[in-house]
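Chemist: No letters, just coordinates:
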């Protein structure tokens, strides 16, 4: 009879401690969601990808890499003073969002294995510093598509 009671106390203590964080923890977790995703139909062996990653959590996170079976390589780019630069990661603030949009930060699909056409979808896996990976199906839009909202 004593062992189950001791085990219950140990489990309760572990659960209570798991909810506590030090001053470096940020006070919670990132809570990520992805929306407004699209890829303009590629006209060459490269393509761009755009989406918005929202973080409703109390902790900032970072997009660290992207992969897709449609491309040999997917890189994350930031746009600085009108110039595109490959980035190791992009920040996603707590209670904020990371917007990847035409003319700004974006994804580059390089060495396309196939040219996705309008109406198809491209699967990508987004990898983060703190959160679990997220798989997104990105719809392919016309090469001249311009979103009305979300970017």
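Modeler: Nice, thanks for sending it over. Remember, predicted model here, so these are calculated numbers, not experimental data.
Chemist: contacts, neighbours, all on C-alpha from now
Modeler: OK.
Chemist: Residue 112: how many residues sit nearby?
Modeler: 19 (other Cα atoms under 10 Å).
Chemist: My error: substitute residue 122 in the last question.
Modeler: Residue 122: 18 surrounding residues under other Cα under 10 Å.
Chemist: Residue 77 too?
Modeler: Using other Cα under 10 Å, residue 77 is surrounded by 21 other residues.
Chemist: same deal with residue 74?
Modeler: Count around residue 74 with other Cα under 10 Å applied: 24.
Chemist: Please name every helix or strand in contact with the helix or strand hosting it.
Modeler: Residue 74 belongs to strand 71-80 when elements are defined using DSSP states H and E. If you count contacts as 3 or more Cα pairs under 8 Å, 6 or more residues apart in numbering; DSSP states H and E, strand 71-80 packs onto strand 61-67, strand 83-87, strand 106-112.
Chemist: Grab the nearest non-local neighbour of residue 62.
Modeler: Distances taken as Cα to Cα, 6 or more residues apart in numbering put residue 91 closest to residue 62, at 4.4 Å, once the chain neighbours are dropped.
Chemist: does that neighbour really touch residue 55, like I thought?
Modeler: No - Residue 91 is beyond contact range of residue 55, at 10.5 Å (criterion: Cα atoms under 8 Å).
Chemist: Those two: who's more crowded?
Modeler: Set residue 91 next to residue 55 and count neighbours by other Cα under 10 Å: residue 55 wins out with 22 against 15.
Chemist: how about a markdown table for the helices and strands packed on strand 71-80, with mean pLDDT and distance to residue 77 added?
Modeler: Formatted as a markdown table, the helices and strands packed on strand 71-80 follow (pLDDT from 0 to 100; distance: least, Cα to Cα, whole Å):
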| stretch | mean pLDDT | distance to residue 77 |
| --- | --- | --- |
| strand 61-67 | 98 | 11 |
| strand 83-87 | 94 | 4 |
| strand 106-112 | 97 | 5 |
